[in-house]
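Student: Need the 3D shape of this:
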Amino acid sequence: MKLVLLAAWFVAIPMLAATGQAIQTPAPITSAEALARYLRDTPAGDSPLDKLPAGARRRFLSGLVFGSKGLGGFDTSDLEEELDDAQIRQVLLLFGAESYASQLHGAPPAHRTCAIPSDCPESRIEQRFDRFNELEHSLDHQHIAEQEKGRKLVHTYRKLFAAEQAPDKLRTVSNSDLRLLYRAVDTTTSWSSDAVFLRDMASDLDELQRRGMTTTADLMRLHDKLVTRRQFEEADALASRYPAAKLQPLPTLQDQVGPNHQGPTLLTVDPHGTVMQRHPFDIDAPIQIVVVAGCHFAADAAHDIHADPVLDRIFKQHAVWLGSQSEKLDDVSEWNHEHPDQPMNIAWQNSEWSMLDSWAMPTFYIFQHGKLVNKFSGWSQETEPRQLRAALRQVGLLD
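Tutor: Numbering: from 1, shown residues only. Next up, the predicted model:
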């Protein structure tokens, strides 16, 4: 699932005609209730959504996330696989999110499900993918541990798709079903370190390449997973096989962790992006503050803490800003460019950081001699600074 989280909420803005008079555009759909009314009242064939085949339309709508001020996020996958660039923009215009259209690119017509969206019966694989997709969205809204969510998705993937990933089966599936299989295993690989899922991804990619359907986005999905698994040589080999994708060579790794080391380790990247280092992290130090970072709320926290001389001094001495194992190197480099005094590190493996029970961003963990003494999540300038100061007083870092 490729989810776009909107960085800002949108409002309807009137457009100006050549005469200078304002042309009122329809108000954007900003809630589930407004969407239901739109779907009920819009005649069949009159909506940009009708350009999507039935299954893709249903999946896109089920992935919409509304907040108190409008659309907060959406899954881009079906838009990019079933629409052209202009059609994508028309769909996003419905929700006031058309500014995000420039980030998305539709697939060539030959790669899509069918020529007439209204006459596209779902295949057996698509029906199974719908079940997998519905489970993923359902788990996103349940308050369960991430390990349990991953276990459920991995189990369901094996049940629905394992047999379909055999090489002889892949040769016979349709183009659209092949893309759905690749999407399913891409999601599953995010939740399991089992090598079989990376092999499934590689097999699907090979078949996409045989059919002339490989995109840069497809290659980046597998490349990102190889980097996440710390299979750097394989990631560079993939980049070499597909030079047209212009995947950059990875920084040179310097591993400073001994073979008998026990405990968490960090991956850091130098400011020039040429060297990355793995080194141990001393969780048993007198005081350690670990902040799970990577989102714009974490960036807000970093800005506010840096602006406070007392908090800035404490964090420079005792804190580490930490991205999860799946954090992209480019995103870390961007963070470090914007926050040079609060650089982000990456967990070498999330499993080494078992003392963190959530990778929600931002989450603040305060340890004293390796024992967790305080934890809180989120950041708002009105509330969290007080909570942070109280936690720092508890461990003697503030008077």
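Student: I'd like to check which residues are in contact with the nearest residue to residue 284 once chain neighbours are set aside.
Tutor: Take residue 284 and drop its neighbours on the chain: the residue closest to it by CB to CB, 6 or more residues apart in numbering is residue 370, 4.0 Å away. Glycine gets a C-beta too; all of them are placed from N, C-alpha and C. Applying CB atoms under 8 Å, 6 or more residues apart in numbering, we find residue 370 in contact with 283-284, 355.
Student: So which of those belong to helices?
Tutor: Among the contacts of residue 370, no member falls in helices (DSSP state H).
Student: By neighbours, which of those residues wins?
Tutor: Comparing the contacts of residue 370 on neighbour count, residue 283 comes out first with 18 neighbours (neighbours: other CB atoms under 10 Å).
Student: Can you tell me how far the nearest residue to that one once chain neighbours are set aside is from residue 267?
Tutor: Distance criterion CB to CB, 6+ apart; nearest residue to residue 283, sequence neighbours excluded, is residue 370 at 5.2 Å. Separation of residue 370 from residue 267 (CB to CB, to the nearest Å): 21 Å.
Student: try residue 78
Tutor: Relative to residue 267, and taking CB to CB, residue 78 is found at 33 Å.
Student: more neighbours, these two?
Tutor: Ranked by neighbour count (other CB under 10 Å), residue 78 and residue 267 place residue 78 first, with 26 against 22.
Student: Now do the same contact list for that one.
Tutor: Residue 78 makes contacts with 52, 56-57, 59-60, as judged by CB under 8 Å, 6+ apart.
Student: which one among those gets closest to residue 221?
Tutor: Nearest to residue 221 among those is residue 59, at 17.7 Å by CB to CB.
Student: and that closest one, what is it in contact with?
Tutor: Contacts of residue 59 (CB under 8 Å, 6+ apart): 75, 77-78, 130, 133.
Student: Let's see that with 7 Å instead.
Tutor: Residue 59 makes contacts with 78, 130, 133, as judged by CB atoms under 7 Å, 6 or more residues apart in numbering.
Student: Return the set of residues that bridge with residue 252.
Tutor: Using DSSP bridges, the bridge partners assigned to residue 252 are residue 275.
Student: That one and residue 277, how far apart?
Tutor: To residue 277, residue 252 is 10 Å away according to CB to CB.
Student: do residue 135 as well
Tutor: Here residue 135 is placed at a distance of 39 Å from residue 277 (CB to CB).
Student: Please apply the same query to residue 244.
Tutor: 31 Å.
Student: One more: residue 269?
Tutor: According to CB to CB, residue 269 and residue 277 sit 8 Å apart.
Student: Check residue 185 too.
Tutor: In this structure, residue 185 and residue 277 are 31 Å apart, going by CB to CB.
Student: lowest average confidence, helix or strand, in the chain?
Tutor: Ranked by mean pLDDT, DSSP states H and E, the helix or strand of the chain with the weakest confidence is strand 15-16, at a mean of 40.
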